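>>> Got a predicted model here, sequence first, then my questions.
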Amino acid sequence: MNILDKLLGRRADFKANETIPPDAVWVDCRQLDEYQCGHLEEAIHIPHSEISNRHEELDVDKNRPLYLYCAGGKRAEMAKKCLEAEGYTHVVNVGGLKDAIKKAGKTD
């Protein structure tokens, strides 16, 4: 994480050598217009501002790995905190969409 990320409150929890588990669930925390411009095909779309009211739409065990992304990591971090408050135990802020694409092993 660089100084700009710290100043803007962005952070990504994903480690460079971390492997994505096969049962991982991807969550796109951006607004609908951003999502419609491009997203991971397998991602569930729930904007960060709605995650506390819509987390049950994930319909997964609260111990299943959740990988969140937005545009730069800040909104994914807010969503992560909401999900953890709801009892989800393995929530990872991947950062932005480009980070998610790279970590999911996709090409753009």
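Here it is on my side, so go on. Numbers count the residues shown, from 1 in each chain.

>>> Does the most centrally placed residue in the chain belong to a helix, a strand or coil?
Centroid-nearest residue in the chain, with C-alpha atoms, centre = their mean: residue 68, separated by 0.8 Å. Secondary structure assignment for residue 68 (DSSP: H, G, I helix; E, B strand; the rest coil): strand.

>>> tell me the contacts of it?
26, 27, 29, 76, 79, 80, 83, 91, 92, 93, 94 (C-beta atoms under 8 Å, 6 or more residues apart in numbering). C-betas here are computed from N, CA, C, even on glycine.

>>> mind checking the SS state of the closest residue to it other than its chain neighbours?
Once flanking residues are discounted, residue 68 sits nearest to residue 76: 4.1 Å by C-beta to C-beta, 6 or more residues apart in numbering. Following three-state DSSP, residue 76 is assigned to helix.

>>> ok, now residue 26?
strand.

>>> give me the number of residues near it?
21 (other C-beta atoms under 10 Å).

>>> which residues does it bridge with?
Residue 26 forms beta bridges with residue 67, as assigned by DSSP bridges.
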